[in-house]
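>>> Quick one, fold the following:
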Amino acid sequence: MTAAVRTHPGPPNKTARNLVIGTLIAFVVAANVGNLFLSVLVTERPLLFIGLNAQNRNLALASGELSAWSYYLVGFLRLVGPDPLFFLLGRWYGDGAIRWMERKAPAYGNLMRQLEKWFDKAQFAVVAFAPNNPVCLFAGAAGMSWGAFAAANAIGTVIRLVLIRAFSSAFEGPLGSLKGFIGDYRWPILALSAVLVGLSMFSDRKGGRDGISDLAGLDEDIADHEADARPEEL
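Coordinates of the predicted model:
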């Protein structure tokens, strides 16, 4: 672990902790709803669609249906919404939050270990290049200033939105055909989406991972693993 990552002071009070965790859980629920109702929302309610879930695929599909200002405004707000909250978790829980992320999202394990090597040398560039949940959490744990984090996060998010908008414009024909297919078969696709979302949630739970439960039990999980890591008293 780099020296920049601090031990955690914890949240200032239970209300602040519950507000942050509760908001992140709301984002998780919204993302699942967006995935579930993709076939209905992408053509009929594209702005609501990216407001619920602004992952790259959804932004590319909805871009052609939206004016520039609505795409950039709602896309930006949805993308950056969780970021300062994960940054706060990093500040509050330090190394414990990083190890929690590694346990709950094993796919990010290699990323977190690489961040430990890169972050001291290029904090701003790392956050601007990939302003995702693990990076924002690591930025908070590493003690990055709020101002630098906000600037890097905003720049990286805007660049991401511009690139996706350009991609959507360049491939307007194929994406339009795909949206036409989705519109024609929206109800079968909705049923399939329900099955896939359900299977994904079941698989995560079976593997000991559940976005909502993981967030709700973050304090206890960190405390338990810190207790296990302490050497036993003789």
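
>>> residues in contact with the spatially most central residue of the chain?
When CA atoms, centre = their mean is applied to the chain, the residue found nearest the centroid is residue 133 (4.4 Å). Contacts here follow CB atoms under 8 Å, 6 or more residues apart in numbering; on that basis residue 133 touches 82-83, 86, 101. Where C-beta positions appear, they are placed from N, C-alpha and C, glycine not excepted.

>>> and the helix ranked longest in the chain, what does it pack onto?
Longest helix in the chain, counting residues (DSSP state H): helix 146-170. Other elements packing on helix 146-170 under the criterion 3 or more CB pairs under 8 Å, 6 or more residues apart in numbering; DSSP states H and E are helix 56-63, helix 68-80, helix 83-104, helix 123-129, helix 133-141.

>>> and the next element down the chain from that helix?
Downstream of helix 146-170, the first helix or strand assigned by DSSP states H and E is helix 172-184.

>>> CA atoms only: put that next one into PDB for me.
Backbone C-alpha positions of helix 172-184 (Å, rounded to 0.1, in the frame of the first residue of the first chain) are rendered in PDB as follows:
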ATOM      1  CA  GLU A 172     -26.000   6.500 -36.600                       C
ATOM      2  CA  GLY A 173     -27.200   4.000 -39.200                       C
ATOM      3  CA  PRO A 174     -26.400   0.700 -37.400                       C
ATOM      4  CA  LEU A 175     -27.500   2.100 -34.000                       C
ATOM      5  CA  GLY A 176     -30.800   3.300 -35.600                       C
ATOM      6  CA  SER A 177     -31.400  -0.200 -37.000                       C
ATOM      7  CA  LEU A 178     -30.700  -1.700 -33.500                       C
ATOM      8  CA  LYS A 179     -33.100   0.700 -31.900                       C
ATOM      9  CA  GLY A 180     -35.700  -0.100 -34.500                       C
ATOM     10  CA  PHE A 181     -35.300  -3.800 -33.700                       C
ATOM     11  CA  ILE A 182     -35.600  -3.100 -30.000                       C
ATOM     12  CA  GLY A 183     -38.700  -1.100 -30.600                       C
ATOM     13  CA  ASP A 184     -40.300  -3.900 -32.700                       C
END
